[in-house]
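Quick one: sequence plus predicted model below, questions after.
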Amino acid sequence: MSVARFVDERGLKAFVDALAGSRRVIAPVAKRGRFSFEEVSSADELRLDYDVTILPPKKVFFPPAQPIVRFSEGEVESCTCGIDTVLLGVHFYDVKAIDQLDYLMRENNADWDYLCQREATTIIASNIQTVSPRAFWDSVGTHVDPQGHDAFLTRIATGYVYEPRTPKGEALLEHGPFREATAEETAEARQVNESVMGTCPERLGYTTEEIAERVRDAYGNEKLWDELAERCFSCGSCNTVCPTCYCFDVLDSWNLDQKSGTRTRYWDACLTREFAAVTGAGGSRENFRERHSSRFRHRFMRKTTYLNEKLGGPACVGCGRCSQACTADIADPVRVITTIMERTS
């Protein structure tokens with residue numbers, strides 16, 4: 001088991017500056033009153049006191065628009081290239097989301113457009129210092145522990161406790177003035193992380209198993225889904241900010257010579273009208289989820305029921321981003337799930 005280390009505030013700044021001088025570092029920074037994971041060149045940009053970022057850190061491995069292939073006459077060249085990166089300051093719920101994507105992108109035919117950058121990245125998770133106003137991560141999937149991080153950083157009264165979890169996390173210690181943490185410091189770090197649980201402003205009052213069963217049973221209740229989705233604009237904002245969504249579309253862009261171009265994949269959203277639309281022979285068109293309520297239902301089935309057995313828990317980590325991003329304020333999983341549980345009891 002790796003030994004926990006301690007570093008004071010000044011030492012942490014030196015550590016981050018040294019990392020940024022040796023490789024790409026992506027971390028939470030302030031952005032127009034909100035927070036975003038961006039590349040940093042100095043520790044002065046770092047905001048470990050953030051509540052939640054606008055977009056999840058999955059964008060490092062799975063960008064909103066990702067060139068995957070360049071082509072020309074008779075030649076095809078992959079655009080996939082992993083860059084040595086440290087992803088710093090990831091909250092535990094986002095680590096759990098990355099765990100899910102890691103599993104899904106590896107199964108069957110591995111998605112190397114995702115995995116190439118994922119394997120080139122070292123993740124340093126950090127404790128939650130500020131709780132988002134729509135968060136409910138302390139009452140969803142609590143039996144699932146975050147796994148996919150290489151180190152965990154916890155702020156305590158006198159500085160930070162750094163706990164390496166993998167050899168990659170251990171290797172970063174050479175970049176900072178760390179010393180071995182005392183028993184008192186590690187105990188304080190443990191208490192800090194335990195005490196934040198139970199502080200979310202929103203809460204699910206049911207177990208994962210209860211929710212999965214009841215939501216699935218409500219599938220055929222068209223009246224209920226029509227009511228829940230009545231004000232949905234089909235904008236896809238909830239999909240766009242979700243840390244566990246992974247649907248994408250692929251488009252080819254041709255250069256002026258009409259002989260070369262680029263294949264790019266883009267985030268897609270199951271709430272949009274065109275997501276389930278397909279064309280057939282003779283220009284015919286079919287939309288398998290034409291009604292917005294059926295798309296709304298599909299999203300909640302995916303998050304609460306369909307993937308549970310495969311992932312070991314729900315495909316929702318309680319970050320609250322969808323609640324904040326929803327223009328009509330109807331995407332809140334706590335509200336939707338609670339309504340279903342109460343109406344179908």
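Ah, there it is.

Give me the contacts around stretch 181-194.
Contact partners of stretch 181-194, identified using CB atoms under 8 Å, 6 or more residues apart in numbering, comprise 3-6, 127, 154-158, 161-163. In this view, the C-beta of every residue, glycine as well, is placed from N, C-alpha and C.

from the residues you listed, which two are the most distant?
The span of these, defined through CB to CB, is set by 3 and 157 at 20.7 Å.

So those two - more neighbours on which side?
residue 3 (12 against 7; other CB atoms under 10 Å).

The more buried one contacts residue 173, correct?
No. In this structure, residue 3 is not within contact of residue 173 by CB atoms under 8 Å, at 9.8 Å.

any shared contact partners between the two?
Common neighbours of residue 3 and residue 173 (CB under 8 Å, 6+ apart) are residue 164.

Do a quick rundown of the helices in the stretch 101-250 of the chain.
Taking DSSP state H, counting those that start in this stretch, the helices of the stretch 101-250 of the chain run over residues 112-119, 167-171, 183-195, 208-217, 222-228, 237-241.

Distance to residue 29 and mean neighbour count for these - can I get that in a markdown table?
Shown next, in a markdown table, are the helices of the stretch 101-250 of the chain (distance: least, CB to CB, whole Å; neighbours: other CB atoms under 10 Å):
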| stretch | distance to residue 29 | mean neighbour count |
| --- | --- | --- |
| helix 112-119 | 20 | 18 |
| helix 167-171 | 22 | 15 |
| helix 183-195 | 23 | 15 |
| helix 208-217 | 34 | 17 |
| helix 222-228 | 36 | 16 |
| helix 237-241 | 17 | 22 |
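
residues in contact with residue 286?
277-280.

try 6 Å this time
residue 278 (CB atoms under 6 Å, 6 or more residues apart in numbering).

what's in contact with stretch 35-43?
The contact list for stretch 35-43 (CB under 6 Å, 6+ apart) reads 13, 16-17, 20, 24-29, 50, 53-54, 57.

domain assignment for this protein?
For the chain, automatic domain parsing gives the domain ranges 5-63+79-195, 208-247+269-343.

Residue 268 against residue 246, yeah?
No. Counting by CB atoms under 6 Å, residue 268 stays clear of residue 246, with 9.4 Å between them.

Give me the neighbour count for residue 174.
Around residue 174 there are 10 residues (other CB under 10 Å).

measure it to residue 18 for me?
9 Å (CB to CB, to the nearest Å).

now the contacts of stretch 35-43 as a markdown table including distance to residue 114, pLDDT and neighbour count?
As requested, those are exported to a markdown table (distance: CB to CB, whole Å; pLDDT from 0 to 100; neighbours: other CB atoms under 10 Å):
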| residue | distance to residue 114 | pLDDT | neighbour count |
| --- | --- | --- | --- |
| 13 | 32 | 98 | 16 |
| 16 | 26 | 98 | 26 |
| 17 | 30 | 98 | 19 |
| 20 | 24 | 97 | 21 |
| 24 | 17 | 98 | 17 |
| 25 | 20 | 98 | 26 |
| 26 | 16 | 98 | 20 |
| 27 | 21 | 98 | 26 |
| 28 | 22 | 98 | 25 |
| 29 | 24 | 98 | 18 |
| 50 | 25 | 98 | 23 |
| 53 | 19 | 98 | 26 |
| 54 | 21 | 97 | 16 |
| 57 | 13 | 98 | 24 |
